[in-house]
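Peer 1: Next one to model:
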Amino acid sequence: MTPRTPHAAPADLAEGRRSRPESPVHRVVPAEAATLAAARGARRRRERRIAIVLAAALLVVAALSLSVGSYSVAVPDLLRTLAGQGTGAENFIVLTLRLPRLVLGLLTGIAFALSGALFQTVLRNPLASPDIVGVTGGASAAAVLGMLVLGFGSLATAFAAFGGAILVATIIYLLAWRGRGGGTSGVAGYRFVLIGVGVAFMVQGLLGYLLSRAELRNAQDALTWLVGSVSGAAWPEIAVVAVGLAVLLPIVRMLAPRLRALQLGDDLATSLGVGAERNRLGLLAVAVALAALATAMVGPLAFVAFVSAPIARRLVGTGGLGLVPSALVGALIVSGADFAAQHLLPGGLQLPAGVVTGAIGAPYLLWLLATGAAGGSGSSRDSTEGTR
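Peer 2: Residues are numbered from 1 along each chain as shown. Okay, here's the model as predicted:
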C-alpha cells in the first residue's frame with residue numbers, strides 16, 4: 001500500500017506564513033517607487049523653472065529686437081503698435097520690418113534646436129548634429145545648385161534645400177546600416193556620425209566647385225544664403241515654418257517616451273516593448289525634417305542645432321531630455337544672434353545672424369574635442385564597437 005504524503009495541518013501552515021520573513025522586495029519597492037516619483041517631480045519642477053527663466057529672457061530679447069534700431073520705439077508705443085493702434089511709421093517699422101524677422105528667427109531656432117536634441121539623444125553622441133553630419137550641408141548644396149545652375153527662385157530654392165537635406169540624410173542612414181552581432185541589424189551612432197562627417201566634406205567640395213564656376217554676383221548671393229540669415233523674412237515663409245512645426249511638434253511629443261527608452265540602450269528598450277531600430281528611424285526622420293524645414297527658410301545657421309541641447313541640459317542639470325528648454329535655448333540663440341549682428345558691432349556694421357552663431361558654436365566644438373567630451377558621451381556599446 002502506497003504511503004500517503006503527509007500534509008501539514010492548517011495551523012502549521014498559518015504558523016509557517018507567520019514565521020517566514022517578509023520579502024525585501026515588498027519593503028524596498030514602495031520606497032524606491034516613492035523616491036523615483038519624488039526625483040521625477042523635482043526634475044519636472046526644475047525644468048519648468050528653467051523654461052520660465054528662458055522664456056523671460058526670450059521676451060526681453062524680443063522687446064529689444066522690436067524697439068531698438070535707427071528708428072527707436074518706446075515700450076508703451078511698442079505695445080500699442082502690437083495691439084494695432086500704432087502710427088503709420090510705427091506699423092511699418094515694427095509690423096512689416098522687425099516682427100517678421102523676429103518670428104522667423106524664433107521658429108527656426110526652435111526647429112534647429114529640437115533637431116539637434118533628437119540627433120544627439122538618439123545617436124548618443126554630442127557630435128551628432130545636422131550641421132556636423134552633413135544634413136544641412138546637403139540642403140545647402142541643393143539650394144546653391146538650384147540658384148546657380150538651375151535658376152530657381154526663392155520658393156523653388158527652399159524646396160530644393162528641403163529635398164537635399166532629406167536625400168543626404170537617407171544616404172548617410174543607408175551607409176551607416178550594418179549587421180550587428182546576434183543576427184540583428186541597425187545603425188550605430190558612431191558610424192552615423194563618422195559617415196556623416198565624411199559626407200559633409202564631400203558636400204563642401206561640391207559647394208566650392210559650384211561657387212567657383214558661378215558669376216561673381218550670383219556667387220555673392222549664394223554665399224549670403226550659405227551663412228544663414230533671417231533678414232528679408234516674409235509672412236508666407238513664416239506660415240510655411242509654422243505649419244511645418246504644427247505638424248512635427250506633436251510627433252516629437254508623441255515619440256518622447258520612446259526617446260527616453262532608447263536612452264537606456266537597444267537591448268533594454270526592446271525588453272520594454274520599444275522597437276529600437278524602428279523608433280530610431282522615426283525619430284531621425286523627424287529630426288531631419290526639422291533641420292530641413294529651418295534650413296530651407298533661413299539657410300544653414302551654424303551650430304544652433306549643435307549647442308542648444310547641451311546648453312539646456314547643463315541649465316536643467318537633471319539628465320533628462322530637456323526638449324522644451326532646448327527649444328527655448330535655440331530660439332534665444334537665433335534671436336539674440338540676429339540682434340547682436342544688427343546692433344552690437346562697431347561702426348554700425350550689420351552681418352547675417354549665421355556669422356554670430358558660428359562664432360558662438362566654434363569655440364564650443366573646440367572645447368568639446370579638446371576635453372574629450374565627444375567620446376565620453378556615447379553609449380558604452382557604441383564606444384566598444386568603435387574600437388573593434
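Peer 1: remind me which residues of the stretch 151-300 of the chain are low pLDDT?
Peer 2: Low-confidence segments of the stretch 151-300 of the chain, defined by pLDDT under 70: 178-188, 261-276.
Peer 1: Could you find the closest non-adjacent residue to residue 116?
Peer 2: Leaving aside its sequence neighbours, residue 116 sits nearest to residue 305 (Cβ to Cβ, 6 or more residues apart in numbering; 3.1 Å). For every residue, glycine as well, the C-beta is placed using N, CA and C.
Peer 1: which element is that neighbour on?
Peer 2: Assigned by DSSP states H and E, residue 305 belongs to helix 304-316.
Peer 1: quick one: average pLDDT of that helix?
Peer 2: Mean pLDDT, computed over helix 304-316, is 89.
Peer 1: What is the burial count for residue 55?
Peer 2: Neighbour count for residue 55, taken as other Cβ atoms under 10 Å: 15.
Peer 1: Surely it touches residue 327?
Peer 2: No - counting by Cβ atoms under 8 Å, residue 55 stays clear of residue 327, with 10.5 Å between them.
Peer 1: List the contacts of the helix holding residue 305.
Peer 2: Applying Cβ atoms under 8 Å, 6 or more residues apart in numbering, the contact partners of helix 304-316 are 43, 46-47, 50, 54, 109, 112-113, 115-117, 119-121, 126, 129-132, 136, 291, 319-320, 322, 325-330, 333-334, 357, 360-361, 364-365.
Peer 1: After it, which helix or strand is next? Please name it.
Peer 2: With DSSP H and E, the next secondary element past helix 304-316 is helix 323-343.
Peer 1: Buried residues in that next one, which are they?
Peer 2: Residues of helix 323-343 classed as buried under the neighbour-count rule (16 or more other Cβ atoms under 10 Å) are 323-342.
Peer 1: cool, and stretch 93-107?
Peer 2: In stretch 93-107, counting by 16+ other Cβ under 10 Å, buried: 93-95, 98-107.
Peer 1: any chance you could map the strands in the chain?
Peer 2: For the chain, strands defined by DSSP state E occupy the ranges 177-179, 185-187.
Peer 1: still on that earlier bit, closest to residue 176 out of the buried residues of stretch 93-107?
Peer 2: Nearest to residue 176, judged by Cβ to Cβ, of the buried residues of stretch 93-107 is residue 107 at 29.9 Å.
Peer 1: Got the confidence number for the closest one?
Peer 2: Confidence score, pLDDT, at residue 107: 96.
Peer 1: Quickly note the distance from the closest residue to it other than its chain neighbours to residue 112.
Peer 2: Spatial nearest neighbour of residue 107, chain neighbours left out: residue 241 (4.5 Å); criterion: Cβ to Cβ, 6+ apart. From residue 241 across to residue 112, the span is 11 Å (Cβ to Cβ, to the nearest Å).
Peer 1: so what's in contact with the two at the same time?
Peer 2: By Cβ under 8 Å, 6+ apart, the residues touching both residue 241 and residue 112 are residue 294.
Peer 1: More neighbours: which of the two?
Peer 2: residue 112 (37 against 22).
Peer 1: so who does residue 235 touch?
Peer 2: residue 100.
Peer 1: where are the low-confidence patches of the stretch 1-150 of the chain?
Peer 2: The stretch 1-150 of the chain contains residues with pLDDT under 70 at 1-34, 36-40.
Peer 1: Try it again at 80.
Peer 2: 1-44 (pLDDT under 80).
Peer 1: For it, which segments count as helices?
Peer 2: Counting by DSSP state H, counting those that start in this stretch, the stretch 1-150 of the chain has helices at residues 10-19, 24-67, 75-82, 88-90, 99-123, 135-148.
Peer 1: helices and strands around the fifth one, which ones?
Peer 2: Meaning helix 99-123. The contact analysis (3 or more Cβ pairs under 8 Å, 6 or more residues apart in numbering; DSSP states H and E) places helix 99-123 against helix 24-67, helix 189-213, helix 235-263, helix 276-298, helix 304-316, helix 323-343.
Peer 1: Including distance to residue 351, could the ones you listed go into CSV?
Peer 2: Formatted as CSV, the helices and strands packed on helix 99-123 follow (distance: least, Cβ to Cβ, whole Å):
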stretch, distance to residue 351
helix 24-67, 15
helix 189-213, 19
helix 235-263, 21
helix 276-298, 14
helix 304-316, 16
helix 323-343, 4
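Peer 1: Of the ones you listed, which is nearest residue 225?
Peer 2: Of all the helices and strands packed on helix 99-123, helix 276-298 comes closest under Cβ to Cβ, at 8.9 Å.
Peer 1: helices or strands next to the closest one in the packing?
Peer 2: helix 99-123, helix 135-148, helix 154-176, strand 185-187, helix 235-263, helix 266-271.
Peer 1: pretty sure residue 289 is in contact with residue 252, am I right?
Peer 2: No - applying Cβ under 8 Å as the test, residue 289 and residue 252 come out as separate, 10.2 Å apart.
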